[in-house]
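[1] quick one: sequence and predicted model below, then my questions.
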Amino acid sequence: MPSFRVGSIAGIPIKLGLSFLLVLPLFAWFIGNGIGQLLPLLNGIFDANLPAAELSAGNTPYVLGIVAAVGLYVGVVLHELGHSFVAMRYGYEIDSITLWFLGGIAQMAEMPEDWRQELAVAVAGPAVSVVLGLLSFVVFLVVPESLGGVRFVLAYLALLNVGLAAFNLLPGFPMDGGRVLRALLARTRTHAEATQLAAEVGKGFAFLLALVGLFSGSIVFIAIAFFIYMSASGEAQQAVTKAALEGVAISRVMTPADEIDALSPKASVADLIERMLTERHTGYPVLESGELVGMVTLTDAQKVREVERDAFRVEEVMTHELETIPEDADAMTALSTMQSAGVGRLPVVGLQGEFVGLVSRTDLMTALTILRSSGRDSGAETSRDSPRSPEESL
């Protein structure tokens, strides 16, 4: 989602999504416009004796709505920091915390696979929300009744923070409750199997939530249900892929250098296009005197106008700064590198930096299909520090 950075806390970048900027004033308006319905609720729960006439006068409801909405999102940031600090304690890197219209997301570079660690990280966020709710309630109790607006905001935040903690703990993977479920399932199963089960539960929960949204006319519930369903499906696929490809030697799936007819940097772009048409490849390594000097793709060639392709050389359009993968890496590392770099193929290099082969996304997907058909996707997970037998590799 489009976002921009507004600062950092403890070295963690804090970002605002564009959807957050759109929904924040709308959310504030809903709170202000619903003061009449919120006051009886808060007075009933907290015996607050909030003055309806005073809080409903003039622009007061909308001022309170803005303050309450901002306070709630501050709570969301603290909730995500709860996840982040516990994850960092276990050595995991946090890329950012992003606020968007459905709340907040702490982007972790890697998710814990140890069930105890994932359980601690998952529970930390709701625990922070409960503490914030209790603190809001304690402060509410000591604020004098003459400060009706302050007491309204505190009562509202006390109720919402505890309510959001409870909602987050529902088993809607990948919400916090779904991650708690996966951690508990992973005690007796592989991480991939636990993820698949938690994802199925999450998709079922999303279906029920969507029904509630349809019958109640709640667009928010429908949006949350869609997010849960899509995210659960994506995480399940990612876990299966990782279980299958992790530990598979890159040398088993790449095309070796001696089987690759590489391009010369002096070849014309017209020759490159003709070769792509003939061989039906869309990317080639570029070698000079046996040394890898670049990669050229169809996208690079398309930047040159057709009438100029005979005049332009491959060295003028190729990519010089390359993403490479060492030959001792595994297939999952190659796939992750492709995804993060946004490329479809990677040159494989040896210990001295020499070009030893090429691996493409197609190679990896073919390997994944073969491995899944052999039952590898259910994941007889092997320790990363343990050598794999030939039968465990592709």
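    That came through fine.

[2] low-confidence ranges, this protein, go.
    Confidence mapping of the chain against pLDDT under 70 gives the ranges 1, 375-394.

[3] now the helices for it?
    18-33, 35-46, 52-55, 60-89, 115-142, 148-168, 176-185, 191-216, 219-245, 269-279, 298-302, 314-317, 331-341, 361-373 (DSSP state H).

[4] need the winner for burial among those.
    helix 176-185 (a mean of 24; mean count of other C-beta atoms under 10 Å). Every residue, glycine included, has its C-beta placed from N, CA and C.

[5] can I get it in PDB, CA atoms only?
    Taking Å, rounded to 0.1, in the frame of the first residue of the first chain, the C-alpha atoms of helix 176-185 are listed here in PDB:
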ATOM      1  CA  ASP A 176      -3.100 -12.000  16.600                       C
ATOM      2  CA  GLY A 177      -5.600 -14.700  17.600                       C
ATOM      3  CA  GLY A 178      -4.800 -16.700  14.400                       C
ATOM      4  CA  ARG A 179      -1.100 -16.400  15.200                       C
ATOM      5  CA  VAL A 180      -1.700 -17.700  18.700                       C
ATOM      6  CA  LEU A 181      -3.600 -20.600  17.200                       C
ATOM      7  CA  ARG A 182      -0.800 -21.400  14.800                       C
ATOM      8  CA  ALA A 183       1.700 -21.300  17.600                       C
ATOM      9  CA  LEU A 184      -0.300 -23.700  19.700                       C
ATOM     10  CA  LEU A 185      -0.800 -26.000  16.600                       C
END
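
[6] and that helix, what other elements does it pack with?
    Judged by 3 or more C-beta pairs under 8 Å, 6 or more residues apart in numbering; DSSP states H and E, helix 176-185 is in contact with helix 115-142, helix 191-216.

[7] for the shortest one, which helices and strands make contact with it?
    Helix 191-216 sits against helix 176-185, helix 219-245, with contacts defined as 3+ C-beta pairs under 8 Å, 6+ apart.

[8] for the residue most central in space within the chain, list each beta-bridge partner.
    Nearest residue to the geometric centre of the chain (C-alpha atoms, centre = their mean): Gln107, 5.6 Å. Beta-bridge partners for Gln107, by DSSP bridges, are Ser96.

[9] so who does it touch?
    With contacts defined as C-beta atoms under 8 Å, 6 or more residues apart in numbering, Gln107 is in contact with 94-98.

[10] now do Gly294
    For Gly294, the contact set (C-beta under 8 Å, 6+ apart) comprises 265, 285-286, 314-315, 318-320, 322.

[11] swap in 6 Å and give it another go.
    286, 318-320 (C-beta atoms under 6 Å, 6 or more residues apart in numbering).

[12] make JSON lines out of those residues and add distance to Val220 and neighbour count.
    Compiled in JSON lines, the contacts of Gly294 are given as follows (distance: C-beta to C-beta, whole Å; neighbours: other C-beta atoms under 10 Å):
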{"residue": "Val286", "distance to Val220": "52", "neighbour count": "24"}
{"residue": "Met318", "distance to Val220": "49", "neighbour count": "22"}
{"residue": "Thr319", "distance to Val220": "44", "neighbour count": "15"}
{"residue": "His320", "distance to Val220": "48", "neighbour count": "9"}
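
[13] which among those residues gets closest to Met338?
    Distance to Met338 across the contacts of Gly294 (C-beta to C-beta) is lowest for Thr319, with 14.0 Å.

[14] can you say which of the helices of the chain is nearest to Glu354?
    For these, the distance to Glu354 is smallest for helix 331-341, at 17.7 Å, taking C-beta to C-beta.

[15] in PDB, list the C-alpha atoms belonging to the closest one.
    Extracted in PDB, the C-alpha atoms of helix 331-341 (Å, rounded to 0.1, in the frame of the first residue of the first chain):
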ATOM      1  CA  ALA A 331      16.200 -22.300  -3.500                       C
ATOM      2  CA  MET A 332      14.100 -20.400  -0.900                       C
ATOM      3  CA  THR A 333      16.800 -17.800  -0.500                       C
ATOM      4  CA  ALA A 334      16.800 -17.400  -4.300                       C
ATOM      5  CA  LEU A 335      13.100 -16.900  -4.400                       C
ATOM      6  CA  SER A 336      13.200 -14.400  -1.500                       C
ATOM      7  CA  THR A 337      15.900 -12.400  -3.200                       C
ATOM      8  CA  MET A 338      13.900 -12.300  -6.500                       C
ATOM      9  CA  GLN A 339      10.900 -11.100  -4.600                       C
ATOM     10  CA  SER A 340      12.700  -8.400  -2.700                       C
ATOM     11  CA  ALA A 341      14.700  -7.200  -5.800                       C
END
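
[16] quick one: work out the angle between it and helix 361-373.
    If you take axes from the mean of the first three to the mean of the last three C-alpha atoms, to 10 degrees, helix 331-341 sits at 140 degrees to helix 361-373.
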